[in-house]
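> Show me how the following folds:
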Amino acid sequence: MSDNLQKMIAVALEELRQNVESHREILNNVHAGQVPSPVELSALAFMFQSFYTWIENVLKRIVREYDGVLPDSRSWHSDLLKVASQHTENRPAIISEPLYNQLKEYLGFRHFTRYATGPMLDWGEMDHLVISCDDVLAQFEMEIQTFIDKMNHGG
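Numbers count the residues shown, from 1 in each chain. The predicted structure is shown next:
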């Protein structure tokens, strides 16, 4: 794997962690059973837009480097995620099928929030995303590191 790609991934993962940590107070309150206020819901929705966008940027760079092309359809966002979960002749799968399924939910939520206004946000539609985001981030980091290790050691 190129040094440039590894550096980009390291920066993106740090941004992901910082994004989550900047919302730690709200996340801790949710884990303690508190329902977020409308303002906190908006903050969390914005957090998840950034959260998924950073993940997508990592996957785009890896797929472009190893596959040479990115999906080019109206559904390219979901196509990219699917391609990342599959091995190709040039690389192993970047993410596992279970992580793919989790990330599909974050992608769907990001799409929804791009067109939603504050009053449209529903805690019941996003509570599971909030509760699982730390685990999803940890799993993503682990799987990306595993992918890097494979590629750096003869893949």
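> Count the residues that sit near Q102.
19 (other Cβ atoms under 10 Å). Backbone N, C-alpha and C define where each C-beta goes, glycine included.
> Oh, that last question was meant for I94, not what I typed.
Neighbours of I94 using other Cβ under 10 Å come to 27.
> For M142, give me its contacts.
For M142, no contacting residues are found, by Cβ atoms under 8 Å, 6 or more residues apart in numbering.
> check which helix or strand covers it.
Assigned by DSSP states H and E, M142 belongs to helix 123-152.
> Show me which positions of that helix end up buried.
For helix 123-152, burial by neighbour count (16 or more other Cβ atoms under 10 Å) applies to 126, 129-130, 133, 136-137, 139-140, 143-144, 147-148, 151.
> do the same with stretch 17-29
Under 16+ other Cβ under 10 Å, the buried positions of stretch 17-29 are 19-20, 23, 26-27.
> now that stretch, how far from the centre of its chain.
Offset of stretch 17-29 from its chain centre (Cα atoms, centre = their mean, to the nearest Å): 15 Å.
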